[in-house]
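**Student:** Just a sequence and a predicted model for now, questions to come.
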Amino acid sequence: MSTELSEVAKASARGSFFLFLGKTSSTIIMAFASILVARLLGPENYGLYALAMIAPALLITLSDLGISPALIRFSARFRSEGKNLKVLALIKAGIIFKIIFSMLLSIALILLSETIATWLLRRPSIWFLIRFTTLYLLGQAIFMALNSLFIGLDKTENSLILMNTQATTKAVSSSLLIILGMSVIGATLGAGLGSLVAAATGFTILLLRIRPNLQSNNDTENINFLQALKLMIPYGIPLYLSTITFTLLTQYRTFILALFASNMEIGNYTIAMNFSILITLISYPIATSLFPAFSKLSAKEDYETVKKMFMLSAKYTALLIIPSILAMALFSEQLIHILYGLQYQLAPTYLTLYVLSFLCDGLGMFVVGNLFNGQGDTKTTLRVNLTNLSLSLPVAFILTSHYGVIGLLASILTSQFISTTYALYLAHKKYKMTIDLTASIRTATTSLISTLLTYVLITLTPTPNPILKLAIGAPLFITSFLALAPLLGAINRQDIYNLDELTRGIALIYPIARRILSLESKILSLRS
């Protein structure tokens, strides 16, 4: 890899690692907190809490206007160019805008709380709960802006701090307030405190760590408040519309399930969706860290560098995502039966079909989306998302009406595959970028063989205990994949060198990565 590409790739790998740690640890804390709060409140009060949080959750999405992704893109771009004064101007404009707009939405939520409770939620008595959720709305809006800023500046260790501060504060404060007798109000205030404390922590880090470093530069190029907003909002609006499109599509799928599926099927489907977060723990850090990486480079000025980065990103994303997806599909039955019991018989099949839709991410969807956004081409991202929406609406309705949940999952697979193909076509047409399809096929082949070998073993294992089957099958899957990857060409010597360079600066994982890569190198020698 060239020096410039190597530096960008190392920053991306480091960012992925910290985001993975932050996402994983905060998710675990949030899961325990959710279980504890649910137990303390009981089913009825927990239901009221969930209903009260619907309105602020929607308004948080509406409050962004694309400012968060714009902060990632332009802070990464300007910092790579040494234009730190512009970065400071963007920070100021973005955060002030988010504070003002989220405060206006909070006021609107307070004024409309009785209307929302009475006419939308059909629970007139919870209007006062909705008013307490304004703390969550305000804190979460600011939290999102600060987190995006840290990602854009390659300071993802601060994102880890923010995510865990939010999760821990919410868990502790919600539990304590409920125990002290505040019931649903305590849970609502705890959610708000978690976001507010995380936002305050982010501000402190920004003022004490980030701002002094940015002010130390001698550059003189600057922009004012309005210029910063004019730069961010036109860029962010298409991504904002894409987010709304995705939200609407999710709600639409829930609606047609209610029309054509039984309560039992929907219950199994919900369990399967809960498990999909395990794939998100892997995919989210990769997708998020690639965004600022592509923002630092221009396809017009650094074509060969961007082309190389695009191909390698797609290849190494596939090397991680594809085996993870097939492993999740392989062990779906064991995972669900361990945590939820044998009564959810349909959930393993639903989970298997759903995670297969993430294969599109392993075949380039994550990379191509970040290429468009990193180059400022957010309108193309919106085109791809609208294509996905236009396909999903009729296909989901037709297939779900005939085949229930299986039909809905088939529609997700179909629309994802077509929209991914369309996105890759646009990347080639507009930027002359292509993925290494041969490498992806080799990775998929290696993963599939490992899956089949492991499936045969756990099927022949005499014990019905799902924990034992998982304990036996998981090591076999990992070992067989690592053994077959160099033999089948999924990884070569240049890949080993590149991956060694990428992980060298991450002290916590490099010792493990070095041993794995050394093993891969020895297997390659045997193959030769």
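**Tutor:** Now that the structure is in, tell me what you want to look at. Numbering: from 1, shown residues only.

**Student:** Poorly predicted segments of the stretch 101-250 of the chain, please.
**Tutor:** Across the stretch 101-250 of the chain, the ranges flagged by pLDDT under 70 are 216-220.

**Student:** where exactly do the helices run in it?
**Tutor:** For the stretch 101-250 of the chain, the helices defined by DSSP state H, counting those that start in this stretch occupy 127-132, 134-152, 156-177, 183-205, 211-215, 225-260.

**Student:** So for Ile28, which of those helices sits nearest?
**Tutor:** Ranking these by proximity to Ile28 (CB to CB) places helix 156-177 first, at 8.3 Å. In this view, the C-beta of every residue, glycine as well, is placed from N, C-alpha and C.

**Student:** by contact count, what packs against the closest one?
**Tutor:** helix 3-52, helix 134-152, helix 183-205 (3 or more CB pairs under 8 Å, 6 or more residues apart in numbering; DSSP states H and E).

**Student:** let's go with 10 Å and repeat that
**Tutor:** With contacts defined as 3 or more CB pairs under 10 Å, 6 or more residues apart in numbering; DSSP states H and E, the packing partners of helix 156-177 are helix 3-52, helix 134-152, helix 183-205, helix 277-295.

**Student:** can the ones you listed go into a markdown table with extra columns for mean neighbour count?
**Tutor:** Shown next, in a markdown table, are the helices and strands packed on helix 156-177 (neighbours: other CB atoms under 10 Å):
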| stretch | mean neighbour count |
| --- | --- |
| helix 3-52 | 18 |
| helix 134-152 | 25 |
| helix 183-205 | 22 |
| helix 277-295 | 21 |
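
**Student:** can you list the domain ranges for the chain.
**Tutor:** As given by automatic domain parsing, the domain ranges for the chain are 1-223, 234-457, 458-527.

**Student:** now for the last one, what's the gap between its first and last residues?
**Tutor:** In this case it means domain 458-527. With CA to CA, to the nearest Å applied, domain 458-527 spans 29 Å between its terminal residues.

**Student:** for it, what is the average pLDDT?
**Tutor:** Over the span of domain 458-527, the pLDDT mean works out to 89.

**Student:** what about it, distance to the chain center?
**Tutor:** Averaging C-alpha coordinates over domain 458-527 and over its chain gives two centres that are 24 Å apart (CA atoms, centre = their mean, to the nearest Å).

**Student:** go on, the second one?
**Tutor:** For domain 234-457, the distance from its own C-alpha centre to the chain's C-alpha centre is 11 Å (CA atoms, centre = their mean).

**Student:** gap between the two ends of that domain?
**Tutor:** The first and last residues of domain 234-457 sit 55 Å apart, counting by CA to CA.

**Student:** Now the helix or strand harbouring Ala318: buried residues?
**Tutor:** Per DSSP states H and E: Ala318 is located in helix 303-330. Using 16 or more other CB atoms under 10 Å as the test for burial, helix 303-330 gives 305-306, 309-319, 321-330.

**Student:** circling back: distance to Cys360 added to the helices and strands packed on helix 156-177, as JSON lines?
**Tutor:** As requested, the helices and strands packed on helix 156-177 are exported to JSON lines (distance: least, CB to CB, whole Å):
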{"stretch": "helix 3-52", "distance to Cys360": "19"}
{"stretch": "helix 134-152", "distance to Cys360": "23"}
{"stretch": "helix 183-205", "distance to Cys360": "32"}
{"stretch": "helix 277-295", "distance to Cys360": "11"}
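
**Student:** Of all these, which one is nearest Arg527?
**Tutor:** That would be helix 3-52 among the helices and strands packed on helix 156-177, by CB to CB, at 26.2 Å.

**Student:** what distance separates the closest one from the centre of its chain?
**Tutor:** For helix 3-52 - counting by CA atoms, centre = their mean - the centre lies 10 Å from the chain centre.

**Student:** tally of neighbours for Ile256?
**Tutor:** Ile256 has 19 neighbouring residues, counting by other CB atoms under 10 Å.

**Student:** Next, the contact list for it, please.
**Tutor:** Applying CB atoms under 10 Å, 6 or more residues apart in numbering to Ile256 gives the contacts 393, 396-401, 407-408, 411.

**Student:** Buried ones only from those residues, please, as a PyMOL command.
**Tutor:** Those of the contacts of Ile256 that count as buried under 16+ other CB under 10 Å are selected in PyMOL with:
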select buried, resi 393+396+397+399+400+407+408+411
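
**Student:** Which one of the contacts of Ile256 is nearest to Phe275?
**Tutor:** Set against Phe275, the nearest of the contacts of Ile256 by CB to CB is Leu408 (16.5 Å).

**Student:** Hmm, that closest one is touching Met273, no?
**Tutor:** No. Applying CB atoms under 10 Å, one finds Leu408 not in contact with Met273, separated by 11.2 Å.

**Student:** Residues that sit against both of those two, list them.
**Tutor:** With CB under 10 Å, 6+ apart as the test, Leu408 and Met273 both reach 350, 354.

**Student:** Now do the closest residue to Thr414 other than its chain neighbours, the pLDDT please.
**Tutor:** Nearest non-adjacent residue to Thr414, counting by CB to CB, 6 or more residues apart in numbering: Val395, 5.8 Å away. Listed pLDDT for Val395 reads 94.

**Student:** wait, doesn't Asn224 sit right on Ala89?
**Tutor:** Yes. Judged on CB under 10 Å, Asn224 makes contact with Ala89 at a distance of 7.0 Å.

**Student:** so how far is Ile179 from Ala191?
**Tutor:** 16 Å (CB to CB, to the nearest Å).

**Student:** you'd agree Ala33 is up against Ser174?
**Tutor:** Yes. Using CB under 10 Å, Ala33 is in contact with Ser174, at 6.5 Å.

**Student:** Quick check: neighbours shared by the two?
**Tutor:** With contacts taken as CB under 10 Å, 6+ apart, Ala33 and Ser174 have 187, 190-191, 194 as neighbours in common.

**Student:** What distance do you get for Met144 to Leu259?
**Tutor:** For Met144, the distance to Leu259 - CB to CB - is 33 Å.

**Student:** swap that for Thr463, sorry
**Tutor:** To Leu259, Thr463 is 42 Å away according to CB to CB.

**Student:** For the closest residue to Leu409 other than its chain neighbours, list the residues it contacts.
**Tutor:** Closest residue to Leu409 apart from its sequence neighbours, by CB to CB, 6+ apart: Leu353 at 4.1 Å. Neighbour list for Leu353: 272, 329, 332, 405-406, 408-410, 412-413 [criterion: CB under 10 Å, 6+ apart].
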